[in-house]
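Undergrad: one predicted model, sequence on top.
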Amino acid sequence: MTQTITVSCKLEVAPDVATELDETLEMFADACNRILKVAKDKGVKNVTKLHHLTYNDVRLMTGLKANHVCQAIRRVCGNLKASYKIKQFKPTSVSLDARTFRYEEESQVVGLTLIGGRKKFKLLIGNYQRGLLKGYKPTSATLVKRRNGDYYIQICVDVPTQPPGKTPKTIGVDLGRKSIAATSTEKTWSGEKLNQVRDKYSRVRANVQSKRTKSAKRLLRRLSGKERRFQSWVNHNISKQLVAEAGKLNAALVFEDLTNIRKSLNKKPCSKKERRKTNNWAFYSLRMYVLYKSAIAGVTVLFVPPAYTSKTCARCHHIHPEEPKKSYRRREKYKCGNCGWEHNADISAGLVISQLGAAVINSESSVMSCPLEGQLNLLPMGLH
Ligand SMILES: [Zn+2]
């Protein structure tokens with residue numbers, strides 16, 4: 001089994017070569033649009049059929065290399081089958097394959113076939129990307145031009161995954177309350193900086209949104225890109241550390257199943273600010289990063305129902321009733337009304353999640369095989 005990861009590398013591009021890159025991007029988009037039109041007119045979604053219908057014409061009209069045209073046909077077919085459909089392809093990316101792309105590890109250079117032939121580009125990358133690419137001979141990549149005019153090559157690498165080992169140990173991870181993540185092993189990642197960044201962008205957005213000029217729209221787009229990239233960077237880091245820790249302790253990672261979190265969080269009457277904090281793809285993206293990194297590292301990932309995890313005492317498993325004024329949670333503190341146990345609220349939730357995960361793992365061999373919701377009191381002690 002393998003897991004495909006994408007390594008994004010900046011290219012060193014001399015001004016005179018940039019023109020040829022742009023031309024290739026233009027022609028590739030042009031090819032895609034021509035193919036898309038034929039596909040729609042004839043109602044064809046199949047790669048082979050579309051190839052017969054378009055290949056010769058498109059090669060002649062665009063002057064692209066044979067494999068570029070093949071990739072354009074694949075791109076269009078993929079797009080037609082996708083849930084989100086592009087109406088018009090823009091000259092921002094070109095799909096490359098083994099014949100149009102080569103990575104030379106020793107010299108950190110990529111060879112790309114452009115409209116005028118093969119050109120070499122130096123990769124401007126750090127140790128992180130070099131490490132990801134080490135020892136691989138990637139055969140597919142995407143050439144991308146970003147909005148700021150920089151060129152990137154996104155290299156696909158098939159990393160072998162390890163079968164997850166069986167382990168009785170679990171690390172519970174609580175996501176997105178006060179901290180971005182908190183674990184039952186007492187590690188937390190503060191959301192403060194992230195929230196600051198988000199609030200800043202949201203303020204600027206609110207300012208700009210009222211103006212409907214072209215430059216305002218451009219600014220909005222740039223902001224969303226910056227915010228997203230910062231969030232991605234944060235999520236990469238957190239997921240990397242979580243998976244490393246689980247690997248080191250030979251433990252499974254346990255998360256709440258947040259599939260419906262948007263619904264349930266939005267039900268509560270919370271401020272606009274609060275809603276914005278929960279109603280984004282950040283949780284989803286963090287869990288996706290964890291899943292693919294875990295697959296590579298051979299770490300088990302489990303999901304448990306999110307009910308009661310923040311209301312349950314990790315020591316005596318007493319579930320508190322919801323009484324807003326007599327809250328057992330005071331800001332970052334959790335205090336059990338039954339046994340008096342006190343702890344950081346996020347870590348406390350992490351502990352409960354970890355215990356739930358342990359119950360799931362051990363359910364194969366023990367009596368705990370019932371649905372978990374509402375059964376927390378039956379949990380054995382000290383499993384985490
Ligand atoms: Zn308690």
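TA: That came through fine.
Undergrad: quick one: neighbours of Glu332, just the number.
TA: 15 (other C-beta atoms under 10 Å). Every residue, glycine included, has its C-beta placed from N, CA and C.
Undergrad: got the contact list for the residue most central in space within the chain?
TA: Closest residue to the average C-alpha location of the chain: Ser285 at 3.7 Å, with C-alpha atoms, centre = their mean. Going by C-beta atoms under 8 Å, 6 or more residues apart in numbering, Ser285 touches Gln231, Ser232, Asn235.
Undergrad: secondary structure class for it?
TA: helix (DSSP: H, G, I helix; E, B strand; the rest coil).
Undergrad: what distance do you get for it to Tyr308?
TA: 26 Å (C-beta to C-beta, to the nearest Å).
Undergrad: so Arg147 sits against Arg222, correct?
TA: Yes - using C-beta atoms under 8 Å, Arg147 is in contact with Arg222, at 6.8 Å.
Undergrad: how close does Ser202 sit to Val299?
TA: Where Val299 is concerned, Ser202 sits at a distance of 35 Å (C-beta to C-beta).
Undergrad: same question but for Trp233, I mixed them up
TA: Trp233 is 21 Å from Val299, by C-beta to C-beta.
Undergrad: okay, those two: which has more neighbours?
TA: Taking other C-beta under 10 Å, Trp233 and Val299 do not tie; Val299 has more neighbours (26 against 10).
Undergrad: which parts of the stretch 1-150 of the chain are strands?
TA: 2-12, 93-96, 101-104, 109-114, 117-124, 140-145 (DSSP state E, counting those that start in this stretch).
Undergrad: for the ones you listed, which one sits closest to Thr312?
TA: strand 2-12 (34.1 Å; C-beta to C-beta).
Undergrad: same question for that closest one, mean pLDDT?
TA: For strand 2-12, mean pLDDT is 90.
Undergrad: quick one: it to strand 140-145, angle?
TA: If you take axes from the mean of the first three to the mean of the last three C-alpha atoms, to 10 degrees, strand 2-12 sits at 40 degrees to strand 140-145.
Undergrad: quick one: strands adjacent to strand 2-12?
TA: Paired neighbours of strand 2-12 in the sheet (DSSP bridges): strand 117-124 (antiparallel), strand 151-160 (antiparallel).
Undergrad: between those strands, which one is closest to Ser294.
TA: That would be strand 151-160 among these, by C-beta to C-beta, at 12.0 Å.
Undergrad: residues of this structure that sit close to the ion?
TA: With the criterion set to C-beta under 5 Å from the ion, the chain comes near the ion through Cys313, Arg315, Cys316, His318, Cys336, Asn338, Cys339, Trp341.
Undergrad: now the strands: where do they sit in the stretch 251-384 of the chain?
TA: Going by DSSP E, counting those that start in this stretch, the stretch 251-384 of the chain shows strands at 252-256, 301-304, 329-330, 333-335, 342-344.
Undergrad: lowest mean pLDDT across the ones you listed, which one is that?
TA: When I compare those, strand 329-330 is least confident, with a mean of 68.
Undergrad: what sits closest to Lys134 if chain neighbours are left out?
TA: Glu105 (7.2 Å; C-beta to C-beta, 6 or more residues apart in numbering).
Undergrad: my error: substitute Leu53 in the last question.
TA: Val38 (5.4 Å).
Undergrad: next, count neighbours for the one you found.
TA: Neighbour number of Val38 under other C-beta under 10 Å is 16.
Undergrad: distance of it from Gln196?
TA: 50 Å.
Undergrad: in this structure Ser140 contacts Val94, no?
TA: No - using C-beta under 8 Å as the test, Ser140 is too far from Val94 to be in contact (11.7 Å).
Undergrad: what touches both of these two?
TA: Joint contacts of Ser140 and Val94 (C-beta under 8 Å, 6+ apart) do not exist.
Undergrad: on that earlier part again, redo the strands paired with strand 2-12 as TSV? Include mean pLDDT and mean neighbour count.
TA: Output for those, formatted as TSV (pLDDT from 0 to 100; neighbours: other C-beta atoms under 10 Å):
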stretch	mean pLDDT	mean neighbour count
strand 117-124	95	15
strand 151-160	92	18
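Undergrad: poorly predicted segments of the chain, please.
TA: Low-confidence segments of the chain, defined by pLDDT under 70: 83, 177, 258-281, 321-330, 364-384.
Undergrad: out of the strands of the stretch 1-150 of the chain, deepest packed?
TA: strand 93-96 (a mean of 24; mean count of other C-beta atoms under 10 Å).
Undergrad: which residue does the stretch 51-200 of the chain bring closest to the ion?
TA: Ser184 (15.8 Å; C-beta to the ion).
Undergrad: now do the stretch 1-150 of the chain
TA: Gln3 (40.6 Å).
Undergrad: now do that residue against Ala358, distance only.
TA: On the measure of C-beta to C-beta, Gln3 and Ala358 end up 26 Å apart.
Undergrad: which residues in the stretch 151-300 of the chain form helices?
TA: Taking DSSP state H, counting those that start in this stretch to define them, one finds helices in the stretch 151-300 of the chain at 192-209, 214-249, 261-267, 272-278, 282-297.
Undergrad: give me the helices and strands touching the second one, please.
TA: Helices and strands touching helix 214-249, by 3 or more C-beta pairs under 8 Å, 6 or more residues apart in numbering; DSSP states H and E, are strand 170-175, strand 179-183, helix 192-209, strand 252-256, helix 282-297.
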